[in-house]
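Novice: can't give you the sequence, but here's the structure:
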């Protein structure tokens, strides 16, 4: 048996919008983490792809944490 799957135009548009959403949130969160010198957050945000959920969580909760030694 051979199974084939075709991707519709609507699915491609949805995937493109999801990619733009992820890149926008990730860019803002990465910039903020680098600016605050939060290396663990920066590395996590850089590696984990979460459709914008982790960057939004960081921007709401994580950026207000005080740096150790500051």
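Specialist: Good, I have the coordinates. Bear in mind the structure is a predicted one, so any value in this text is a computation, not a measurement.

Novice: how about low-confidence regions in this structure?
Specialist: Counting by pLDDT under 70, the chain has low-confidence residues at 63-70.

Novice: now the longest helix along it: buried residues?
Specialist: Longest among the helix segments of the chain by residue count, using DSSP state H, is helix 9-35. Taking 16 or more other C-beta atoms under 10 Å as the basis for neighbour counts, the residues of helix 9-35 that come out buried are 22, 25-26, 29-30, 32-33. Placement of C-beta: from N, CA and C, glycine included.

Novice: for stretch 49-62, same thing?
Specialist: By 16+ other C-beta under 10 Å, the buried positions in stretch 49-62 come out as 52, 54-55, 58-59, 62.

Novice: now tabulate these in CSV and tack on secondary structure and distance to residue 41.
Specialist: Conversion of the buried residues of stretch 49-62 to CSV gives the following (DSSP: H, G, I helix; E, B strand; the rest coil; distance: C-beta to C-beta, whole Å):
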residue, secondary structure, distance to residue 41
52, coil, 15
54, helix, 9
55, helix, 10
58, helix, 6
59, helix, 10
62, helix, 6
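
Novice: contacts for stretch 42-56 next, please.
Specialist: By C-beta atoms under 8 Å, 6 or more residues apart in numbering, the list of residues contacting stretch 42-56 from outside reads 18, 21-22, 24-26, 28-30, 33-34, 58.

Novice: go again with 6 Å.
Specialist: Where contact means C-beta atoms under 6 Å, 6 or more residues apart in numbering, the residues beyond stretch 42-56 that reach it are 21-22, 25-26, 29-30, 33-34.

Novice: nearest to residue 41 among the residues you listed?
Specialist: For residue 41, the nearest member of the contacts of stretch 42-56 is residue 33. The distance, counting by C-beta to C-beta, is 4.3 Å.
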